[in-house]
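Asks: Coordinates for the following, if possible.
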Amino acid sequence: MGELTTAKRIMMIALLVVLWGISWPIYKVALEFTPPLLFAGLRTLLGGLLLGVILVPRWNRIRWKENWRVYAISGIFNVVLFYGLQTVGLMYVPSGLFSVLVYLQPVLVGIFAWMWLGEAMSRLKVIGLIIGFLGVAAVSVGGFSGHVAVAGVIIAIITAVSWALGTVYVKKVNQRVDSLWLVAFQCTLGGIVLTGAGTVTENWSDIVWNVPYVSGLIFGTVLGISLSWLLYFTLVNSGDASKVASYTFLVPVISVFVSSLVLGEAITAFLLIGLILIGLSIYLVNRRARVVRQA
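Replies: Numbering: from 1, shown residues only. Predicted structure coming up:
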């Protein structure tokens, strides 16, 4: 995979955080008309299949015998555990707290990338990642009310760990597999598992095939899953995983802002505080590389 220009990288990061940010309110509306596990399974499965159809001309790059374990491991961490645990965990803890715990992910990516990929870990980067996490906490503070179960907290932390491990794993194996087929197979295989789990534990008859649900499913299939994961892994494979992960701190900010516009949820001072902290975080995490390039 070739080097990305600065302009292209910025555009891809902006598109990614916007897509992931608006997906939360879109899915929130759609989930009123569908069981959660079936919804997660269908959009990942359909997203993987759609990408597979598009990639048919590159079928010779699959190398199934050599790479099936990579596809399976990536599917387990980035789809089955990430989406499956989210679905279950939100039943036990308020959404705000769950979001904060899940967005330990960039901090964990920084640690895992330092341990397993040999990426630099400076004091500024550590401080930046911590500040970003605090920014997510400020943005999500409005969703802290409600019952908190220990099981939900544990599930949220495992969700963050699985996402971080999946990110670092994909970065580590990116020279062995075709990244496009990796996304297609992780989504397809993970989607099969999630859809199967939903079939066993939920009822297909509970799905209401109306405009909000179908719109959410189409958005998730095309943009929220296929395109988003392609952007994310392209960015991760082209640079430091921890630096790319730091930009995902912006996702809850966009999510809360869009929810306030579309769903009428209140905008509070905490959103502004969180945005300032997250902006400072991204600056600190990426500052070292910028100084080196200027020198």
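Asks: low pLDDT regions in this protein?
Replies: The chain contains residues with pLDDT under 70 at 1-2, 142-147, 263, 265-267, 288-295.
Asks: okay but residue 100 is in contact with residue 136, surely?
Replies: Yes - the pair residue 100 / residue 136 is scored as a contact, 5.5 Å apart, by Cβ atoms under 8 Å. Any C-beta I mention is one placed from the backbone N, CA and C, and that applies to glycine too.
Asks: helix/strand/coil for the nearest residue to residue 90 once chain neighbours are set aside?
Replies: Nearest residue to residue 90, sequence neighbours excluded (Cβ to Cβ, 6 or more residues apart in numbering): residue 98, at 5.6 Å. With DSSP: H, G, I helix; E, B strand; the rest coil as the basis, residue 98 sits in helix.
Asks: got a list of what residue 98 touches?
Replies: Residue 98 is in contact with 86, 89, 90, 143, 152, 156, counting by Cβ atoms under 8 Å, 6 or more residues apart in numbering.
Asks: Keep only those of those residues that are in helices.
Replies: Residues from the contacts of residue 98 lying in helices, with DSSP state H as the criterion: 86, 89, 152, 156.
Asks: from the residues you listed, which two are the most distant?
Replies: Greatest spatial distance in these: 86 and 152, 11.0 Å, computed using Cβ to Cβ.
Asks: rewinding a little: mind putting the contacts of residue 98 into a markdown table with distance to residue 53?
Replies: A markdown table is the format used below for these (distance: Cβ to Cβ, whole Å):
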| residue | distance to residue 53 |
| --- | --- |
| 86 | 27 |
| 89 | 32 |
| 90 | 31 |
| 143 | 38 |
| 152 | 37 |
| 156 | 34 |
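Asks: Tell me where the stretch 101-250 of the chain has strands.
Replies: Taking DSSP state E, counting those that start in this stretch, the stretch 101-250 of the chain contains no strands at all.
Asks: residue ranges for the helices of it, please.
Replies: 105-112, 123-139, 150-173, 179-201, 211-219, 228-238, 241-247, 250-262 (DSSP state H, counting those that start in this stretch).
Asks: excluding its backbone neighbours, what's nearest residue 62?
Replies: Nearest residue to residue 62 in three dimensions, chain neighbours excluded: residue 181, at 5.3 Å (Cβ to Cβ, 6+ apart).
Asks: Over to residue 49?
Replies: Nearest non-adjacent residue to residue 49, counting by Cβ to Cβ, 6+ apart: residue 188, 5.9 Å away.
Asks: OK, contacts around the one you found?
Replies: Applying Cβ under 8 Å, 6+ apart, we find residue 188 in contact with 44, 45, 48, 49, 52, 75.
Asks: Could you single out the nearest of those to residue 174?
Replies: Out of the contacts of residue 188, the member with the shortest distance to residue 174 (by Cβ to Cβ) is residue 75, at 15.8 Å.
Asks: how far does the helix or strand containing that closest one sit from the chain's center?
Replies: Using DSSP states H and E, residue 75 sits within helix 64-75. Here helix 64-75 shows a centroid-to-chain-centroid distance of 20 Å under the convention Cα atoms, centre = their mean, to the nearest Å.
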